[in-house]
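K.L.:
just coords:
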């Protein structure tokens with residue numbers, strides 16, 4: 001099963017940790033969790049993916065597949081929808097690799113790292 005790991009300690013925006021007493025990561029995680037529940041995608045929150053020079057970082061992973069780390073998202077429903085759409089395609093792929101032409105527009109420019117499976 002594909003899992004989206006969301007850093008819940010990420011800043012809201014560059015230089016701005018909180019908005020309305022929530023971190024950007026908490027806000028993004030809430031949006032991702034709501035949408036993922038409808039799609040059968042697991043979401044987990046962690047405190048720090050060590051992408052602190054960015055904000056709103058997530059990892060998309062599944063056992064035996066490539067893991068992708070993405071960041072610099074605006075913590076809103078639109079970003080969450082793009083993350084969910086990419087996670088669905090990741091889950092459908094045998095290796096986790098999704099052809100560029102299938103990437104949702106909302107994830108382009110947000111990739112930080114690709115981690116080989118173990």
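P.N.:
It's in. Model, not experiment: these values are computed from the prediction.
K.L.:
distance of residue 44 relative to residue 53?
P.N.:
Residue 44 is 23 Å from residue 53, where distance means CB to CB, to the nearest Å. C-beta: built from backbone N, CA, C; applies to glycine.
K.L.:
can you find the helix or strand of this protein with the lowest average pLDDT?
P.N.:
Across the helices and strands of the chain, mean confidence by mean pLDDT, DSSP states H and E is lowest for strand 18-19: a mean of 94.
K.L.:
and the average pLDDT for the helix or strand that that strand is followed by is what?
P.N.:
Next helix or strand after strand 18-19 toward the C-terminus (DSSP states H and E): strand 22-23. If you average the pLDDT over strand 22-23, you get 96.
K.L.:
check stretch 73-86 too.
P.N.:
Here stretch 73-86 scores 98 as its mean pLDDT.
K.L.:
how about stretch 40-48?
P.N.:
96.
K.L.:
kindly report the same for stretch 90-107.
P.N.:
Stretch 90-107 comes out at a mean pLDDT of 98.
K.L.:
residue 64: what's it in contact with?
P.N.:
Contacts for residue 64 were tallied using CB atoms under 8 Å, 6 or more residues apart in numbering; they are residue 117.
K.L.:
please report how far it lies from residue 9.
P.N.:
28 Å.
K.L.:
likewise residue 50?
P.N.:
Taken as CB to CB, the span from residue 50 to residue 9 is 10 Å.
K.L.:
of the two, which one has the most company?
P.N.:
residue 9 (16 against 8; other CB atoms under 10 Å).
K.L.:
isn't the more buried one right up against residue 23?
P.N.:
Yes. Proximity of residue 9 to residue 23 meets the contact threshold set by CB atoms under 8 Å, at 5.8 Å.
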